[in-house]
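Chemist: Next comes the sequence, and after it the predicted model I'd like to discuss.
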Amino acid sequence: MLSREGRSESDDVRSPVRQLLADQNFRRFWIAQVLFSGANGTLRFTFIWLVITLSDWRSAEGLVALALGVPALLLSAPAGAWSDRVDRKRLFMTWTGATVVALLTFTLIIASGRATAWAAGIAALVIGATMAVNLPNLQAIVPALVPPERLMNAAALQNGGGQAAGFVGLALGGVAISLLGDWGGFALVTVATATALALMGRVSIPERSDPGAESEPHTIPAPSGSDETSGPAPPRPGVAGSASSPRSGNAVGVLSSIAEGARFGFGSDPLRTLLILAVMLGGSFSVMQISMPRVVEEVYGRGPSAAGLVLGAFGFGMLVSSALVAGRSTMRHGMNVARYIGVGLGLGQFLLSLAPNLWVALVVMVAWGLNAGVAMASHRTLMQTHTPPAMMGRVMGLMMLGFAGSLPIGALVSSVLAPWLGPVVTMRSVGLFTMVITISLTWRKAITRLT
């Protein structure tokens with residue numbers, strides 16, 4: 001029996017990605033999310049390169065990256081709770097619309113020649129805040145769009161596309177800056193974000209019966225073979241919106257829920273180690289993203305397109321290894337974490353600091369990206385495997401907080417070390433320090449034996 005596209009139903013079963021993308025509603029959402037993630041990743045590069053051209057102060061790029069990342073550090077957990085209380089599509093449309101307005105305004109300021117390093121810092125803070133609100137929201141929308149049996153495939157497709165877009169956007173941003181000037185990179189990000197907004201406007205997200213109640217956002221299908229009909233999830237004690245927690249106590253309930261998730265996530269291994277590794281991953285990558293444009297300009301004597309190409313090479317490597325991992329049925333995830341995060345994370349940054357020219361740097365970045373694809377796949381799989389469904393949202397929120405919130409940490413490290421050591425030695429020092437910490441965390445039986 002063939003579908004409308006001429007494929008057999010068995011083909012759809014064997015190809016969950018094709019099945020998901022055949023759904024026009026999910027496809028629009030996925031493209032919108034990829035564009036949003038790509039814009040978010042490209043912003044780091046465009047802001048850093050802008051500040052490099054505006055100021056000779058070596059701490060400036062680290063400070064503007066700090067301003068861009070602080071909102072994610074402060075808003076990720078509250079934004080996740082907010083997403084559970086309001087209409088998620090409206091939340092995305094409102095805050096992404098605000099992002100487009102802020103991006104367009106700052107793009108015009110740059111094009112008029114009125115941009116300063118201080119103005120860039122303020123713009124980074126504003127734009128970072130409007131985008132940070134939607135990062136947990138995008139993750140929360142997926143379960144409403146796909147059937148439960150395709151949730152893992154949809155999450156993998158979402159994360160893979162978002163990661164690849166973030167780094168490919170770096171290469172495109174560099175080209176746009178080379179062709180149009182500093183405002184060109186921001187214009188590219190503005191167009192991508194506006195396109196994501198337009199696509200999301202055509203996505204239909206099933207409404208919840210009571211967006212204000214955390215405990216009843218979705219219906220739960222009856223078990224296979226059961227005569228019971230679907231109904232709302234029963235209230236859970238201690239969760240805001242349940243019978244034991246009136247609407248007036250919602251703010252307290254959210255804080256209690258976040259605290260409960262933190263106690264669970266950091267209470268025991270392997271989740272505690274994996275959450276700490278999320279911070280190390282994000283922090284190490286952010287130091288590289290902040291330092292590498294300065295290295296390309298000062299050491300290699302190249303412009304923004306070359307800097308974007310080097311950073312984009314990491315995304316290419318990550319995309320290749322992610323595709324290879326997706327075809328595997330089993331992997332030793334614990335050993336992967338020990339090898340590719342414990343050793344590979346810091347080693348990649350250390351080797352990059354030794355690259356004598358642009359071409360060697362490109363090779364190192366592709367190899368480091370290959371390493372990162374395997375590392376991220378195993379890290380995410382272990383996080384999900386060792387988290388019960390009742391805690392999944394909160395623990396995933398902590399993981400996202402680790403990745404996004406570590407940008408300010410990396411920015412602060414770069415701001416302190418770069419004026420003293422220079423960008424090359426800063427990366428080398430951070431790479432060695434990262435290896436010391438991550439090897440001690442991962443090369444233990446509690447981690448290496450995980451499957």
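Modeler: Okay, I see it. Residues are numbered from 1 along each chain as shown.

Chemist: Let me see the ranges of the strands in the stretch 101-250 of the chain.
Modeler: Counting by DSSP state E, counting those that start in this stretch, one finds strands in the stretch 101-250 of the chain at the ranges 219-220, 231-232.

Chemist: least reliable of those strands going by mean pLDDT?
Modeler: Ranked by mean pLDDT, these end with strand 219-220 in last place, scoring a mean of 33.

Chemist: Can you give the domain ranges for this structure?
Modeler: 15-205, 257-451 (automatic domain parsing).

Chemist: For those, give me TSV that also has mean pLDDT and mean neighbour count.
Modeler: Every residue, glycine included, has its C-beta placed from N, CA and C. Listed next are the domains of the chain as TSV, based on pLDDT from 0 to 100; neighbours: other CB atoms under 10 Å:
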stretch	mean pLDDT	mean neighbour count
domain 15-205	81	21
domain 257-451	83	20
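
Chemist: which one is residue 297 nearest to, not counting chain neighbours?
Modeler: residue 52 (6.5 Å; CB to CB, 6 or more residues apart in numbering).

Chemist: if I read this right, residue 342 contacts residue 437, doesn't it?
Modeler: No - with contacts counted by CB atoms under 8 Å, residue 342 stays clear of residue 437, the gap being 9.3 Å.

Chemist: give me every residue that touches residue 367.
Modeler: 317, 348 (CB atoms under 8 Å, 6 or more residues apart in numbering).

Chemist: again, only using 10 Å
Modeler: Residue 367 sits next to 313-314, 317, 321, 344, 347-348, 351-352 when contact means CB atoms under 10 Å, 6 or more residues apart in numbering.

Chemist: got it, and residue 269?
Modeler: 386, 441, 444, 446-447, 450.

Chemist: Return the member of those residues nearest to residue 333.
Modeler: Using CB to CB, the shortest approach to residue 333 within these belongs to residue 450, at 5.7 Å.

Chemist: Wait, the closest one touches residue 271, no?
Modeler: No - contact criterion CB atoms under 10 Å: residue 450 and residue 271 do not qualify, at 11.1 Å.

Chemist: intersection of neighbour lists for those two?
Modeler: 382, 386.

Chemist: quick one: secondary structure of residue 86?
Modeler: coil (DSSP: H, G, I helix; E, B strand; the rest coil).

Chemist: Could you pull up phi and psi at the residue nearest to residue 297?
Modeler: Here is the backbone geometry of residue 52 (degrees, to the nearest 10): phi -60, psi -40.

Chemist: so it makes contact with residue 304?
Modeler: Yes - counting by CB under 10 Å, residue 304 is a contact partner of residue 52 at 9.0 Å.

Chemist: overlap in contacts of the two?
Modeler: 182, 293, 296-297.

Chemist: could those go into CSV alongside distance to residue 132 and secondary structure?
Modeler: Converted to CSV, these look like this (distance: CB to CB, whole Å; DSSP: H, G, I helix; E, B strand; the rest coil):
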residue, distance to residue 132, secondary structure
182, 24, helix
293, 23, helix
296, 28, helix
297, 29, helix
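
Chemist: Which pair of these spans the longest distance?
Modeler: Pairwise over those, using CB to CB, the maximum falls at 182 and 296, 15.6 Å.

Chemist: I'd say residue 169 and residue 161 touch.
Modeler: No - using CB under 10 Å as the test, residue 169 is too far from residue 161 to be in contact (11.8 Å).

Chemist: Which residues are in contact with each of those two?
Modeler: Counting by CB under 10 Å, 6+ apart, the residues touching both residue 169 and residue 161 are 34-35, 37-38.

Chemist: what's the farthest-apart pair in those residues?
Modeler: That would be 35 and 37, which, of the shared contacts of residue 169 and residue 161, are the farthest apart (CB to CB) at 7.4 Å.

Chemist: what is in contact with these two at once?
Modeler: With CB under 10 Å, 6+ apart, residue 35 and residue 37 have common neighbours 161-162, 165, 169, 192, 196.

Chemist: Between those, which sits nearest residue 108?
Modeler: residue 192 (17.1 Å).

Chemist: okay but the closest one is in contact with residue 46, surely?
Modeler: No - with contact defined as CB under 10 Å, residue 192 does not reach residue 46; the gap is 11.5 Å.

Chemist: what residues are shared contacts of the two?
Modeler: 39, 103, 169, 173.

Chemist: May I have the residues that are in contact with the first one?
Modeler: I take that to be residue 39. Residue 39 neighbours (CB under 10 Å, 6+ apart): 46, 96, 99-100, 103, 127, 131, 165-166, 169, 173, 188-196.

Chemist: try 7 Å this time
Modeler: By CB atoms under 7 Å, 6 or more residues apart in numbering, the residues touching residue 39 are 169, 189, 192-193.
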